[in-house]
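Novice: I would like the atomic coordinates for the input below:
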Amino acid sequence: MITHDARYRGLAERIAGVIERRPGDHVHGYLTSLRGVMDLYSATSDPRFLRQCEAAWREIAQSEDLLITGGVPEGWSPNKHRTEGCAEADWVRLSLSLWKATGNPQYLSMAERATFNEFALNQFATGDFGHRVLTETGITADGAARAWWCCTLHGLRCFPDIHASTFRGENEALFYDLPLDSEMHNGAVSGERLSATAASSLAQDGSVRITIISTGGGPNSLRIRKPEWADALAVRVNDDTDEFPLEGGYVDIHRTWRTGDVVTVGYGMSLRTQSSEKKRIAYSFGPWLLGAPQSDDAAYFNELTTENQLAPARLQPLSSTKQPERAFTVPIAATSFPYTPAEFPDQQGTVTLRAVSEQTGQPSTCWEFRFLTKETA
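Specialist: Model prediction:
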């Protein structure tokens, strides 16, 4: 693109033509290559390259190598033994680039799922990214290692892409796509278009506060995405609660805005289950996958941990669940379950499942996130 020398384009096209996903190979190498193909598509607008990346993405998303966290392993099966931060960053960045190129919401949903779960699960309390060892039911503390020479670099480079995907401007509308903090002015620094910032307290009370910082003049639409995991959106503009239409997966607020207007969005969330391998159950709350951390529930972990049986959750008010003191927590998602210990079935216990993303704020610990229940055992 810089030199307009056709030799460079020809070489890039030949490289794209020999990229393939082989069993046992390195995930980071493959996904980085696909991201290069997306760059080639951006430079040439040749639909062949977009089709290639979409087909590769679908093949991964439908394979056993898509982890329950929404991430990917370090090596493709049968070498699926641990994760690594650079591959997680690649998967998020590839999904976001495909979403921006196609507008297909499945790519955004995947990037969101991986960001809220695997990306945070992989990041260490030091800020580094690295490796975590996979088991059939979770991850172990043993074998966790920071990889500053690769994983940390790519993990940190992923954050700007995530941040740049929270807001976007399209036609005369401002879209809010990811329920995250954002200070982006969305191209409206000059004040010619509707612009906003967002402050998320999703982990504490399930809400996001959006503040209008530039109005752009006449009436404009602020369109807020309703994620798949949200039961409903409750929207309040300043002090007024109103019903706004849901169109194409977005709540549309069309009005003449004033600088300083505040939109509060409440995301309705509930406990959900999904079947997993070998008749096990996984639990999630809102966007967060839940798990049992050994750091908080040492009594739950023993030689027969994977055979413990969970009973239905005891839904409790937020204030009744004791929260650990660490850098990052998701108190709204904490859910207590009675369980029957496999070693001592007559000694009933209670375990609190927490968002696996809480790993990012503490020293490495073991996590279980695939469980037996009384119904599946």
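
Novice: So what does Asp177 have for phi and psi?
Specialist: When quoted as degrees, to the nearest 10, the phi and psi of Asp177 stand at phi -100, psi -30.

Novice: if I look at it, how far off is Asp231?
Specialist: 19 Å (Cβ to Cβ, to the nearest Å). Using the backbone N, CA and C atoms, a C-beta is placed for each residue, glycine as well.

Novice: Looking at those two, which one has more neighbours?
Specialist: Between Asp177 and Asp231, counting by other Cβ atoms under 10 Å, Asp177 is the more crowded of the two (21 against 11).

Novice: show me the contacts for the more buried one.
Specialist: When contacts are counted by Cβ atoms under 8 Å, 6 or more residues apart in numbering, Asp177 touches Leu108, Ser165, Thr166, Phe167, Arg168, Arg225.

Novice: closest to Arg21 among these?
Specialist: Leu108 (22.7 Å; Cβ to Cβ).

Novice: Just confirm that closest one is within a strand.
Specialist: No. Judged by DSSP: H, G, I helix; E, B strand; the rest coil, Leu108 forms no part of a strand; its state is helix.

Novice: Report how many residues lie close to it.
Specialist: 21.

Novice: That one and Val92 touch, don't they?
Specialist: No. With contact defined as Cβ atoms under 8 Å, Leu108 does not reach Val92; the gap is 10.7 Å.

Novice: residue boundaries of the helices in this protein?
Specialist: Assigned by DSSP state H, the chain shows helices spanning 6-17, 27-44, 47-61, 85-102, 105-114, 120-122, 151-163, 202-205.

Novice: what angle sits between the fifth one and helix 47-61?
Specialist: Going back to what we said before, that points to helix 105-114. Counting by axes from the mean of the first three to the mean of the last three Cα atoms, to 10 degrees, helix 105-114 lies at 50 degrees to helix 47-61.

Novice: and helix 105-114, which residues are buried?
Specialist: Pro105, Tyr107, Leu108, Ser109, Met110, Ala111, Glu112, Arg113, Ala114 (16 or more other Cβ atoms under 10 Å).

Novice: how close does the fourth one get to Trp229?
Specialist: For Ser109, the distance to Trp229 (Cβ to Cβ) stands at 9 Å.

Novice: Then the third one?
Specialist: Leu108 sits at a distance of 13 Å from Trp229 (criterion: Cβ to Cβ).

Novice: hmm, back to that, export the helices of the chain to CSV and append columns for mean pLDDT and distance to Val265.
Specialist: What follows is the helices of the chain, written out as CSV (pLDDT from 0 to 100; distance: least, Cβ to Cβ, whole Å):
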stretch, mean pLDDT, distance to Val265
helix 6-17, 92, 41
helix 27-44, 96, 31
helix 47-61, 98, 28
helix 85-102, 97, 21
helix 105-114, 98, 15
helix 120-122, 95, 21
helix 151-163, 95, 18
helix 202-205, 96, 9
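
Novice: who wins for proximity to Met269 among those?
Specialist: helix 202-205 (8.7 Å).

Novice: Run the chain-centre distance for the closest one.
Specialist: How far helix 202-205 lies from its chain's middle: 15 Å, per Cα atoms, centre = their mean, to the nearest Å.

Novice: ok, now stretch 140-159?
Specialist: Counting by Cα atoms, centre = their mean, stretch 140-159 comes out at 17 Å from the chain centroid.

Novice: which secondary element of the protein has the worst mean pLDDT?
Specialist: Between all helices and strands in the chain, the lowest mean by mean pLDDT, DSSP states H and E belongs to strand 240-241, at a mean of 83.

Novice: which other residues reach that one?
Specialist: Ala234, Val235.

Novice: mind listing what it pairs with, with the direction of each?
Specialist: In its sheet, strand 240-241 lies beside strand 232-237 (antiparallel), with partners assigned from DSSP bridges.

Novice: which residues touch the partner strand?
Specialist: With contacts defined as Cβ under 8 Å, 6+ apart, strand 232-237 is touched by 224, 226, 241-242, 244, 246, 251, 253, 255, 261-268.

Novice: quick revisit: ok, and the most crowded of the contacts of Asp177?
Specialist: Busiest of those [other Cβ under 10 Å] is Phe167, holding 26 neighbours.

Novice: ok, it to Gln123 distance?
Specialist: Counting by Cβ to Cβ, the gap from Phe167 to Gln123 is 23 Å.

Novice: what number of residues lie near Asp205?
Specialist: 12.

Novice: now it, nearest residue through space, not along the chain?
Specialist: Leaving out its chain neighbours, the residue that sits closest to Asp205 by Cβ to Cβ, 6 or more residues apart in numbering is Ile332, at 6.5 Å.

Novice: Leu271 versus the one you found, what's the distance?
Specialist: Ile332 is 11 Å from Leu271, by Cβ to Cβ.

Novice: Of the two, give the one with the bigger neighbour count.
Specialist: Comparing Ile332 with Leu271 by neighbour count (other Cβ under 10 Å), the higher total belongs to Ile332, at 21 against 15.

Novice: pretty sure the more buried one is in contact with Ser200, am I right?
Specialist: No. Ile332 is beyond contact range of Ser200, at 11.8 Å (criterion: Cβ under 8 Å).

Novice: Many thanks, we can stop here.
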